[in-house]
Structures are given as structure tokens and as C-alpha cells.
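J.: Below is the sequence, then the predicted model.
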Amino acid sequence: MGSSPVYALEHDGGPEYESGYASGTSSEADLADIYFTKPHLAFLNRQLQNLEPQEILRWCITTLPNLYQETAFGLTGLTTLDMLSKMKIPRPQMVDLLFFDTLHHFPETYKLIDRIRERYPLVALHIFKPAGADTAEEFARQHGEKLWETNDQLYDWLAKVEPAQRAYKELQVGAVLTGRRRSQGGQRGDIPVIEVDEAGLVKVNPFANWSFKQVNDYIKDNNVPYNELLDRGYKSVGDWHSTKPVKEGEDERAGRWQGQQKTECGIHNPRSKFAQFLKEQELKKQQEALRQALDSVDDSESVGHGIAS
């Protein structure tokens, strides 16, 4: 397999990698295919800011290699998919879909996926699940019941972040389209149209300027299949255990993780956050192994003293 495109920000003193992709080697495989200087990235955002989503999508298709669309089949993702389907893009340039199946989506979401396959048969869908599990029951046997309550960061890592990173590596993903919009509030309130994450992955938010009403109107006007839950008061749909309907006047994503201090599932959080989390998890394992070893030594000594006496 060829090397994945690596994107980086560059400043006057050389490339500024947000991820540590720069290993210090000089082999061709380690060199980034595209560099965005900070002024260039700022310029692109100023230009793209004034374009309609269809124009931004065309720019992405002609500019960004190894481009995929990440989606959980929310309204914005469905709008993206429908717009792309109407651009008459040759198959080699079509944008494949990436869906991270946490195994805890609503039945309505899985039903929608079947309808999407029928409506857009030419679009390839890549589904990535938590490692070593194909069902919610298998996931629970491996990691315990209701992991999202006992350790929500570990749940995010296992169900979302790790599958995403595995997908990027296996598919050689260089850039992704997301469904994030500023009108969704929270951490999304000031997102740019185009950004580069810590590992050099380009993320494009073609609908950053659109409102919920705009995407909802598009879905209705173009008869795009959508999640039945949206007709029951839901505006943003994720896992069944952390998604509720929203009340009149509430933010669009107010129904996600109610009562918790979080607004993102992990995929759009800094990767360094999860690197630190993994280090902490590993340290806990080591400390537990040491404790068990010391307990075992203490038990052996107790037995030895008993025999001696």
C-alpha cells in the first residue's frame, strides 16, 4: 500500500506538525504531500467562507486527495451525500462514506442506512466497529455493562476514536468531510470551514455557515431519506444511551450527553487528549499488576510463616 497523504501547517522556521508525524527522517514516504502554511490556511478559510456548500464540495474534490465523508447519517451528512450525488462525479473521484458503528446506535439509524444504500447505490460505505466486537452484547462482555457510565472516556476511545484512527490508517485517509455546523453550538460555535488536526488530517466543514433550518429544508425539498427520530423531537442523533429529544428553543445538540460536561464524542477532540488518556490507563494497569504481585508475595510469606510455626 502507498503512504497516506500527510498534511501539515508550515511556518517560517519549517513545517509545524500538530501531530508529531515528522519523525526526523528524510525518506520520501515521510514527506507531506501538501503543506498548508498558516497564512495559506487563513486565506483558504476567508475564500471558502463566502462559498455555498456545493462550491466548497467541488473545491474539495478537485483539491484534496484521499477524501472521504465521515457521517452518522444526520441531516447535514445526508445533505452532503445528496449534493455530491448530483454532481455527476466519475466513480474514481466519488467520495466514499465512513461510518463508525459504536454498536449502540438506535434501530432507526440502522434502518436509515439500508434506505441510504438503496437511494445511493454507487456510493461505497465503509463501516468500522469497535475492535473484536460485532454486537453490543460482545462489547459488554469484553468491557463491562454500561461502560459509557463507568468510564465514558474509555467508551469513546473503544467505540469511536480507535475505530476512526484504524479507518484512517487502513484506507489511507488524507481528508474528511464532516457535518459540523456553527449553529450546533458548543465546541462547534466557531469552527472554520477547513482545519488540520493534530495528526495532519484535513477536516472540511462545508456547512459551517448553515443553520438547522437550511439543512432541514434541503432534506425536505429534495426528498432525502432521513432518520425517523427527527420527527419525534430529536435534532442530533447519536448512541441511544446518550441521546434525547430537545425542547423548543434548546440548542440543536442539547439532547446529547445531558447532565455531562461534554459536547463531542471524541472523534473531533484533540488526539493528544486521548494519547494522555491511554497513558493514564496503562499506568493504572501497571499499578494494579504491581499491587496484585505484592499481594501475592504477602500471601506467600503468610503461608510460609504458618508452616514454620
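T.: Okay, I see it.
J.: Enumerate every residue touching the nearest residue to residue 91 once chain neighbours are set aside.
T.: Once flanking residues are discounted, residue 91 sits nearest to residue 122: 6.9 Å by CB to CB, 6 or more residues apart in numbering. Using the backbone N, CA and C atoms, a C-beta is placed for each residue, glycine as well. The contact partners of residue 122, by CB atoms under 8 Å, 6 or more residues apart in numbering, come to 85, 91, 94.
J.: With respect to pLDDT, which of those ranks lowest?
T.: Lowest pLDDT within the contacts of residue 122 is found at residue 91 (74).
J.: which residues in the stretch 151-300 of the chain form strands?
T.: 175-177, 194-196, 202-204 (DSSP state E, counting those that start in this stretch).
J.: Show me what the last one is packed up against.
T.: When contacts are defined as 3 or more CB pairs under 8 Å, 6 or more residues apart in numbering; DSSP states H and E, strand 202-204 sits against strand 175-177, strand 194-196.
J.: now, of the strands of the stretch 151-300 of the chain, which is deepest in the fold?
T.: strand 175-177 (a mean of 25; mean count of other CB atoms under 10 Å).
J.: Would you pull up how far it lies from the middle of the chain?
T.: Taking CA atoms, centre = their mean, to the nearest Å, one finds strand 175-177 lying 10 Å from the centre of the chain it belongs to.
J.: Now it: average pLDDT?
T.: 95.
J.: ok, residue 200 to residue 42 distance?
T.: 18 Å (CB to CB, to the nearest Å).
J.: Settle it for me: which of the two has more neighbours?
T.: The neighbour count for residue 200 versus residue 42, taken as other CB atoms under 10 Å, is higher for residue 200 (23 against 12).
J.: per-residue confidence at the closest residue to residue 58 other than its chain neighbours?
T.: What sits nearest to residue 58 in space, not counting adjacent residues and going by CB to CB, 6+ apart, is residue 87, at 6.9 Å. We have a pLDDT of 92 for residue 87.
J.: lowest-pLDDT helix or strand in the protein?
T.: Using mean pLDDT, DSSP states H and E, the weakest-scoring helix or strand in the chain turns out to be strand 14-16, at a mean of 44.
J.: ok, back up a step: give me every residue that touches the residue nearest to residue 58.
T.: So residue 87 contacts 54, 57-58, 61 (CB under 8 Å, 6+ apart).
J.: Give me the buried entries from the residues you listed.
T.: 57-58, 61 (16 or more other CB atoms under 10 Å).
J.: Next step: those restricted to helices.
T.: 57-58, 61 (DSSP state H).
J.: can you pull out the helices in this structure?
T.: 38-49, 53-63, 75-85, 107-119, 136-143, 147-150, 152-156, 162-171, 212-221, 271-308.
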